[in-house]
Structure formats: structure tokens, C-alpha cells
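[1] Here is the input, now give the coordinates:
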Amino acid sequence: YSQAQTTIEQLNTDITNYQSAFEEAYKQPYEDAAKAYANDNIDEAAQLNAQALKVKGDFSDALALQKRIDTYHEVADLYEQARVGGVEGNIEKQRAAYQQIIKLDPQQQDAKAALAKVEQQIKQQRFARALATAVNAIDRKDFDGAQEALAKASAIDNNRPELATLQAQIDAELKSQGMESLEKRIQVFAGADEWQTVLILAEKGMADYPDSQVVQQAKQSAGEILAASSALDVYIDRPDRLADNNIRQNAVNAVSRYSGLTQLSAKLGEKISQVEQLIEQENQPIDVTVRSDNRTCIKVLGVGVVGEVREKTIQLKPGKYQFEGSREGYRSTIVDVVVEKSGTPIVINVQCNERV
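    Numbers count the residues shown, from 1 in each chain. Got it, this is the predicted structure:
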């Protein structure tokens, strides 16, 4: 009985070890395959995943990964098609490519995000076309056509404030004609801070009323405001880029350059405030640890004196700095330092070791 009990215990141990070894034999290759796939090492991923499936052919995770591996190159080609579509300005081509990517590989989160953005752009383009049609119809004095176009725009997005403003202008056009009416419409849209519509009206108005100072000024102001808005969107959409000193300085210059336009556009003022907040977030002082021999006098050129220290933590805003070390009887030294946000602590060693 004792021998039987010992044998059973040994068998249980062996079974447990065998089960662990069996799981290790297919899980580890799968995990390595997943890492290789994430690093775009497709051939390696395919080999490792094949090992996992060889051990356990019904391993669901490996089967799912195999589907992604099988469609990898096709998905890559579709991403390229989407990129080309973006260069060509062919948004429908982009949408078709992203839709096919998601169909082949539903785990492609980048494609899902890109498709959502493209769909939103298509919606905005359709809305803009309908709005432009309504504006053109008004210019042709075709108010029935304008109402029809406005209804199409409303069906796309009935929450846009341009609809109510344009409807008001259609009603106004039914009562008045000519240049005075156009100038009033431009002023209404400018007052409503709808500069895309102002630009459409002004561009059309220039053909009919080239001598109108109001139309000329409206076109110039609308162009400047819309260009400024697009330029600021670059920083708002990608705030992480402001960590770069040059890009952050460009953003500061942009804010300064466009600030004068805020008197005409409150929306532009809001974007400028948003960019200023993002700049301020990226321009917070960063801890910099200065280490020395307690005999070298240290200065941050253009900033101030650190003094003779063995170790001291100071705060500097992101940027490029020069640390100068001086010590009587020793050659002075200059250390160039780039202070930027990073997960790694910034430690600077400044010592004068070379005797004169």
C-alpha cells in the first residue's frame, strides 16, 4: 500500500509537470509570435505560431493570430492604398481601403480610427457641398433650389448653426437684391463667426461686385482666419509634437501671428487659447540634477548661478542650455544640455579637472 501510494503521488507529480510542459510548449511560441508580429517580423511570427499550432492545433489565440499573419501583406498593401488616396486627395479610395483592412483584420485599431476620421470628413464634405449649393442658388436668385440644398444639408447634420443663419439669409434675399443684400449676408455670417460661408459668399460676390470694398475685405479676412484655424489645428490634433523645442517655438510664433485676428473670430480666439494651454503644459519646468566636486563654480549661461555644489536639483524649462564650470587654476568647461520631457531623470556632471 505504501509503495502504491508513493507511485500514485509520483504519477500525479509527473502529470502536473507534463501538463505544465505541454502548455509551455505551445503558449511560449505563441507569445513570442505575438511579439514578433507586433514588431512587424512576420516571417519569424509565422514560424513561431506554426510551432504553437503544431503542439496544440485548436489553440484559439494562435488560430486568431494566424489569420492576422495570413492577411498581413494584404493589409499592408491596403494601408499603402489609403496613404496614396490621402496624397491624391481621394477620400473615397481611403475609405474603401480602411473598410477592407477592418474586414480582413478586425483588430486593426489604427484602421478603425482612420476610417472614423475619413467618414467624418466625407460627412463634412457632403455638408459643405450642400451648403455651397445653397449659397450658389441664392446668388442665382434660385430660392427654391437654395431651400432644397439647405434641406439636404440639414439631413446630413441638422445641428450646425450655419443652417439657421443661411435660412435667415434666404428669407432676407427674398426681400432684397443686389450688392447691398450680399454685403449684409456677409456681415451676418461674419458676425456668426462662420468664415467658411463668408469665403464662399465673398468669392462668388467678387465676380458680380468686384468693386465692393466689403466683399474684398471679407474675402481677405476669411482667407486669413481659415488659414490660421487650419494651422492651429495641426498643434491641437497632435499636442505631443509640442514636446519638440522647434515645433513648440513655431506654435508660439503662430499664436503671436494670429492673435490680431481674434477680434474678428471668437472661435479662432478659443483655438489660440487652447494652443497656449498646450504650449504651457509642455513648457513646465523640469528637474535637472547638477553634480560636481563641490569646488567648481557652476553657472547656467543666460539663466543664473548654481554655485559650488556636490549635488543640487534645479528647474529649467524645456530648451537648450549651456552649463559653465570654472575653478581657479583649472581650465573652464562648457557642457551643452538639452532639457526635454523624458522618463529618464536629467543628471549633469560639471567639473573642472584640467589644470592650467
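[2] How about the strand or helix carrying residue 217, which residues are buried there?
    Using DSSP states H and E, the element containing residue 217 is helix 213-237. If you call a residue buried by 16 or more other C-beta atoms under 10 Å, then helix 213-237 has these buried ones: 214-215, 218-219, 221-222, 224-226, 228-229, 231-232, 235. Bear in mind the C-beta positions are built from the backbone N, C-alpha and C, glycine included.
[3] cool, stretch 127-145 as well?
    127-128, 130-135, 137-139.
[4] Helices along the stretch 51-200 of the chain, start to end?
    Secondary structure of the stretch 51-200 of the chain (DSSP state H, counting those that start in this stretch): helices at 60-70, 72-88, 91-104, 109-139, 143-156, 161-173, 178-191, 195-208.
[5] so how far is the third one off the chain centroid?
    For helix 91-104, the distance from its own C-alpha centre to the chain's C-alpha centre is 20 Å (C-alpha atoms, centre = their mean, to the nearest Å).
[6] Tabulate the CA atom coordinates of that helix in CSV.
    Output of helix 91-104 as CSV, limited to C-alpha atoms (Å, rounded to 0.1, in the frame of the first residue of the first chain):
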residue,chain,number,x,y,z
ILE,A,91,-11.1,60.3,-49.8
GLU,A,92,-13.3,57.5,-51.2
LYS,A,93,-10.2,55.5,-52.0
GLN,A,94,-9.1,55.9,-48.4
ARG,A,95,-12.5,54.8,-47.1
ALA,A,96,-12.6,51.7,-49.3
ALA,A,97,-9.0,50.7,-48.2
TYR,A,98,-9.7,51.1,-44.5
GLN,A,99,-13.0,49.2,-44.8
GLN,A,100,-11.2,46.3,-46.4
ILE,A,101,-8.5,46.4,-43.8
ILE,A,102,-11.0,46.0,-41.0
LYS,A,103,-12.8,43.3,-42.9
LEU,A,104,-9.6,41.3,-43.2
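[7] re earlier: turn the buried residues of helix 213-237 into JSON lines, including pLDDT and distance to residue 68.
    Output for the buried residues of helix 213-237, formatted as JSON lines (pLDDT from 0 to 100; distance: C-beta to C-beta, whole Å):
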{"residue": "214", "pLDDT": "87", "distance to residue 68": "59"}
{"residue": "215", "pLDDT": "88", "distance to residue 68": "57"}
{"residue": "218", "pLDDT": "92", "distance to residue 68": "53"}
{"residue": "219", "pLDDT": "92", "distance to residue 68": "51"}
{"residue": "221", "pLDDT": "93", "distance to residue 68": "51"}
{"residue": "222", "pLDDT": "93", "distance to residue 68": "47"}
{"residue": "224", "pLDDT": "93", "distance to residue 68": "48"}
{"residue": "225", "pLDDT": "93", "distance to residue 68": "46"}
{"residue": "226", "pLDDT": "93", "distance to residue 68": "42"}
{"residue": "228", "pLDDT": "93", "distance to residue 68": "43"}
{"residue": "229", "pLDDT": "93", "distance to residue 68": "40"}
{"residue": "231", "pLDDT": "92", "distance to residue 68": "39"}
{"residue": "232", "pLDDT": "93", "distance to residue 68": "38"}
{"residue": "235", "pLDDT": "89", "distance to residue 68": "35"}
